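Enquirer: Here you go, sequence then predicted model.
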Amino acid sequence: MLTTKPRGVNDILPDEVWKWHYVENYLRDLAGRFGFQELRIPIFEHTELFQRGIGDTSDVVEKEMYTFTDRGDRSLTLRPEGTAGVARSFVENKLYSGTLPGKYYYVGPMFRYDRPQAGRYRQFNQFGIETIGGHEPAIDSEAVAFAYEIFHGLGLENVLVHLNSVGCPVCRKAYRAALQDHLRPALHDLCETCQTRFDRNPMRILDCKSKHCHELVQGAPSITQYLCEDCQNHFDQVKKILEAMGIPYAVDQNLVRGLDYYTRTAFEITAGKEGSQSAICGGGRYDNLIEEIGGPALPGIGFALGMERLLLTLEQQGSQLQKPDSCDVFVAGLGGNAEILTSQLCHSLRLSGLRVQRDYQGKGLKAQMKAADRVAAKIVLIIGDDEIARQAVICRQMANGEQTTISVNDAVSYVQQKLSAIKVEGDIK
RNA sequence: GUGGUUGUGGCGAAGUGGUUAACGCACCGGAUUGUGGCUCCGGCAUUCGGGGGUUCAAGUCCCCUCAAUCACCCCA
């Protein structure tokens, strides 16, 4: 072949796409229940939005963006995440002039130039929510509860909520200094990346996966000890509400999120197996982002989950999603004489709202029956020379082999009747 | 970006330098001349991810390249 798909992208084939539909519908329904509305944002934005919004010390901005220049010499970037775009849209469309907080969700592809692995792709899909314009702890708790319910409601096991507060600029300044003091004696023992993090963003060292750094970080002061009074009260209230709602969580003082805009509440959700791709959802509060990109000083909070990782986890945990039926009626025409009637009948049945399939290659009846069986058709209509002569069709009910000959004119209404009878039987069972 | 493993029909998978590249599933056809799921029979890769090299001879050895996967990293 001429060429293959670029590295790190995927085709989602018909055999699998129904799972995506299932999960997407589930998420949209849940979003509606929690009071979120869809906001569709562009797939690319001006590069500076991500540089300023996400923060140019983050790895995502530093080395993972798909940035290109368009024909008008503008620097554009394929969105690596959704929050910056939603924030931009919120400000640009002056959504702050409506009822606050605004509650939005989005679903769609994101792009990061990473080295691909299972559950990590260069084009991947996220579902995410943002609540903008409210600082109340109940908003944080609601976001965490929503995220938890997504996985809990799908029947996943070992769903863990890791919760932390990363403080506000006020308390973070004090904490940052204390952390640097603690780590300074061991500075040259840290891994290379962490040495550069020491000045730029020492809190990221807490999150380092290198064993050695992990050990050095043990006994380091924790942000929780340095939270200012406001942040502490906020965090306490968030936890209190979560407990009241029955949402299980574990405070993880080493949890630091990789995007620079996070403040106060930060959380991640893992499910099932340990490993590098165990985090299926992450989010937190970003009280300065809206102002940072030139909007009013409004706080926000949100999370995003990786659709591929969610599907992968469902698979690993053996969840049986119900594959929807794809065919109500199969029309089997025999021989060239049946062609016209077959086409007419298929069309009428389809206009009446039924899902109809047929053969186009003049296969024998046996082969067509096999095909009907494969697509799980509930009814097969058979049209041969005998039937054409009598302007009739045979209606066969696949489940029990029952057959009736009916006139062509009655075919559509007869089939509909039969199908609803089959459906009622199924419902009773 | 670093390191490891892998790459044979649509899928899974044998093949330890020497003739026509096993087998299973799927698919197509027949037994059953107009009736699915079971059974039996038959068909289905001029070629082993791609390119180059060594050799009388390469799916098998060497080099390069692409891709998948795992760990690191990062994050969803």
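Expert: That came through, no problem.
Enquirer: and the residue of the stretch 51-200 of chain A nearest RNA strand B?
Expert: Across the stretch 51-200 of chain A, no residue is closer to RNA strand B than residue A:118, which sits at 2.8 Å (CB to the nearest atom of the strand). Placement of C-beta: from N, CA and C, glycine included.
Enquirer: correct me, but that residue touches residue A:312?
Expert: Yes: with contacts counted by CB atoms under 8 Å, residue A:118 reaches residue A:312, the gap being 6.8 Å.
Enquirer: More neighbours: those two, which one.
Expert: More neighbours sit around residue A:312 than around the other of residue A:118 and residue A:312, counting by other CB atoms under 10 Å; the figures are 17 against 11.
Enquirer: Is the strand or helix carrying the more buried one in proximity to RNA strand B?
Expert: Following DSSP states H and E, one finds residue A:312 within helix A:307-316. Yes: counting by CB under 7 Å from any atom of the strand, RNA strand B has neighbours in helix A:307-316: A:308, A:309.
Enquirer: next one: that helix to chain centre, how far?
Expert: The chain centroid and the centroid of helix A:307-316 are separated by 10 Å, computed with CA atoms, centre = their mean, to the nearest Å.
Enquirer: Output that helix in CSV with nothing but the alpha carbons.
Expert: Provided in CSV are the C-alpha atoms of helix A:307-316 (Å, rounded to 0.1, in the frame of the first residue of the first chain):
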residue,chain,number,x,y,z
MET,A,307,-11.5,7.5,26.7
GLU,A,308,-9.0,4.9,25.4
ARG,A,309,-7.9,4.2,28.9
LEU,A,310,-11.5,3.9,30.1
LEU,A,311,-12.3,1.4,27.4
LEU,A,312,-9.0,-0.5,28.1
THR,A,313,-9.9,-0.7,31.8
LEU,A,314,-13.4,-1.9,31.0
GLU,A,315,-11.9,-4.6,28.8
GLN,A,316,-9.3,-5.6,31.4
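Enquirer: need the residues of the stretch 51-200 of chain A near RNA strand B, please.
Expert: For the stretch 51-200 of chain A, the residues in contact with RNA strand B under the definition CB under 7 Å from any atom of the strand are A:58-60, A:64, A:81, A:112, A:114-121, A:124, A:126, A:193.
Enquirer: that older thread, what residues of the helix holding residue A:312 count as buried?
Expert: Across helix A:307-316, burial judged by 16 or more other CB atoms under 10 Å covers A:307, A:308, A:309, A:310, A:311, A:312, A:313, A:314.
Enquirer: try stretch A:243-252
Expert: Neighbour-count burial for stretch A:243-252 flags A:247, A:249, A:252 (criterion: 16+ other CB under 10 Å).
Enquirer: if we take the buried residues of helix A:307-316, which one ends up nearest to residue A:358?
Expert: Proximity of these to residue A:358 was ranked by CB to CB; the top entry is residue A:311 with 32.2 Å.
Enquirer: could you measure that closest one against residue A:271, distance?
Expert: 12 Å (CB to CB, to the nearest Å).
Enquirer: Many thanks, we can stop here.
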